[in-house]
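S.K.: Return atomic coordinates for the entry below.
(one chain, ligands or ions: 2)
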Amino acid sequence: MSQLPEPLYQSLMSLLGESRLLTDPSSLEHYGRDWTRFAAPAPSAVVLPETVAEVQGIVRLAREHGTAIVPSGGRTGLSGGAMASKGELVIALDRMNSITEVNTINRSLTCGAGTITATIQQAASDVGLCYPVDFASSGSSQIGGNIATNAGGIQVIRYGMTRNWVSGLKVVTGTGELLELNNGLMKNNTGLDLRHLMIGSEGILGIIVEATLQLTAPPKDPQVIVLGLPDMSAIMSVLQAFQSKIDLLAYEFFSELALAKVVEHQGLQRPFSEVTPFYALLEFEHAGPDIDDHIMAVVEHCMTEGWVVDAVLSQSVAQAKGLWRLREDISETLSRWTPYKNDISTTIAKVPQFLSEVDAIVARHYPDLEVVWYGHIGDGNLHLNILKPDDVSVDEFQVRCKTVSKAIFEAIASLGGSISAEHGVGLLKKDFLGYSRSEAEVALMRGIKALFDPDNIMNPGKVFDS
Ligand code: MLT
Ligand code: ZN
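M.R.: Ligands and ions are numbered 1, 2, ... in the order given. Model prediction:
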């Protein structure tokens, strides 16, 4: 295992003390990886700063010694952005987790980057407001990581991505300088908005240490409906039928294989007895007394058209939560097969063509493998997970899937889509960045990184090689 240079180790020890400079094997393993399982964690040390000044001190010391840094939040990422497998110094934000202000006049909340997403959601709810970016990993993901990856989730169709909710950021750059960006302002047209450059930058420009988030009114009594669909082409017809009548909070889909795995491994009930190739999960507000009749009329229309075979509408908060688990538990359920994850998108109008092209590629290249379809299809975002057979090694499996990815990415590029809709580029997608971004764009990105991080110590080797 690689070690920190001794003078750096001593300086960090005097800055942080023994309890906040970790080098034991289990801490290195814990903090050195995210939810991906394609590389072994091998950082040289983990530091746990408690203040912005400490983060600045650590970055300056690392820079002096030419040591690479990996910023670390809840490590729930799926592209390897928080992996430290080359002797890097991990800066874990866990202890910078205080909510310093909840302001009901500004409808904002300010907190340390290590604050857990669910804690923020609860604090907003305690004052009758809502932080609406939500996903299955809200209980362990940290806001700094959400911002660094511009996390999406299950209600993007209504609320957009994390980017839409960040009104202020404090960031320590690769030189140790502290930038205070936008100060929670709603209106601030004073040149380039560096805040937006930081959002989604995956730690390659600096470390987010504090965030101010905007809050909104919570949705009114959300209800969930799960529909059984006879084929893939019904997915977008159903979306259009509902969207012509109501505003949706979520429009998710999953395949029968996804449902079967979740039912078997999480001990959940099927939504209804009918088994259909695909399912759509819709969430909407209980907007008025006639909403159930309204919804059932759309369902009947979809059934008449042959787009829907069966349906269940939640009658209580508990039932709505139970139906959500059928979708939200998919990722965790599949993790036991070390899935190769595709997180791809097109514009919504191109989804039917996108699905049929991807389907043809999958049928051609993976006839022998289990392929699980799910995702935020109302946003144009598909998660295509290929499950690794037990008798195939991780390396062999990855090589095969990467080859097929090329075919998928070519199709996506020709549709003007994205090879990583919400999981980021990290390590796993960087070889494919050229399918979504031009050479000129990547060259500009490299130049921007060099301005914020002249010695290339901030999460080097992630997103692109410098
Ligand atoms: C999800 O939509 O469940 C998450 O993005 C995680 C995943 O894709 O596995
Ligand atoms: Zn997702």
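
S.K.: CA atoms for contacts and neighbours, from now on please.
M.R.: OK.

S.K.: what about stretch 183-199, average pLDDT?
M.R.: The average pLDDT within stretch 183-199 is 98.

S.K.: got the contact list for it?
M.R.: With contact meaning Cα atoms under 8 Å, 6 or more residues apart in numbering, stretch 183-199 is reached by 108, 147-150, 163, 166-169, 181-182, 205-206, 212-213.

S.K.: Show me which positions of that stretch end up buried.
M.R.: For stretch 183-199, burial by neighbour count (16 or more other Cα atoms under 10 Å) applies to 184, 195, 196, 198, 199.

S.K.: Figure out how far that stretch is from the centre of its chain.
M.R.: Centroid displacement of stretch 183-199 relative to its chain, using Cα atoms, centre = their mean, to the nearest Å, is 22 Å.

S.K.: Do me a favour and get the end-to-end distance for it?
M.R.: Its first and final residues considered, stretch 183-199 spans 15 Å by Cα to Cα, to the nearest Å.

S.K.: Quickly note the distance from the closest residue to ligand 1 within the chain to residue 286.
M.R.: Closest contact between the chain and ligand 1, by Cα to the nearest ligand atom, is at residue 331 (3.9 Å). Distance from residue 331 to residue 286, counting by Cα to Cα: 28 Å.

S.K.: out of the two, which sits in the busier spot?
M.R.: A count of neighbours by other Cα atoms under 10 Å puts residue 331 above the other of residue 331 and residue 286, at 18 against 15.

S.K.: The closest residue to residue 202 other than its chain neighbours: neighbouring residues, count only.
M.R.: Nearest residue to residue 202, sequence neighbours excluded (Cα to Cα, 6 or more residues apart in numbering): residue 148, at 4.7 Å. Residues within reach of residue 148, counting by other Cα under 10 Å, total 26.

S.K.: wait, isn't residue 148 in contact with residue 201?
M.R.: Yes. Contact criterion Cα atoms under 8 Å: residue 148 and residue 201 qualify, at 5.5 Å.

S.K.: can you give me the strands in the stretch 51-200 of the chain?
M.R.: Taking DSSP state E, counting those that start in this stretch to define them, one finds strands in the stretch 51-200 of the chain at 69-72, 89-92, 99-103, 108-112, 166-173, 178-181.

S.K.: what's the pLDDT at the nearest residue to residue 119 once chain neighbours are set aside?
M.R.: Closest residue to residue 119 in three dimensions, ignoring its sequence neighbours and counting by Cα to Cα, 6+ apart: residue 139, at 7.9 Å. What the model reports for residue 139 is a pLDDT of 97.

S.K.: Would you agree residue 139 is in contact with residue 118?
M.R.: Yes. Look at residue 139 against residue 118 with Cα under 8 Å: they come within range, at 5.2 Å.

S.K.: So for those two, which residue has more residues nearby?
M.R.: For residue 139 versus residue 118, the count of surrounding residues by other Cα under 10 Å is larger for residue 118: 20 against 14.

S.K.: tell me the contacts of that one?
M.R.: 138, 139, 140.

S.K.: top of the contacts of stretch 183-199 by neighbour count?
M.R.: Compared across the contacts of stretch 183-199, residue 206 has the highest neighbour count, 30 neighbours, by other Cα under 10 Å.

S.K.: what stretches of this protein score poorly on pLDDT?
M.R.: 1-2 (pLDDT under 70).

S.K.: who in it is up against ligand 1?
M.R.: Counting by Cα under 6 Å from any ligand atom, the positions of the chain adjacent to ligand 1 are 328, 331, 375, 383.

S.K.: Give me the PyMOL select line for these, limited to the buried ones.
M.R.: In PyMOL syntax, the buried subset of the residues of the chain next to ligand 1 is picked out as below (16+ other Cα under 10 Å):
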select buried, resi 328+331+375+383
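
S.K.: Which of the residues of the chain next to ligand 1 fall in strands?
M.R.: Mapping the residues of the chain next to ligand 1 onto strands (DSSP state E) picks out 375, 383.

S.K.: With distance to residue 34 added, can I get the residues of the chain next to ligand 1 in TSV?
M.R.: Below are those laid out as TSV (distance: Cα to Cα, whole Å):
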residue	distance to residue 34
328	19
331	14
375	21
383	18
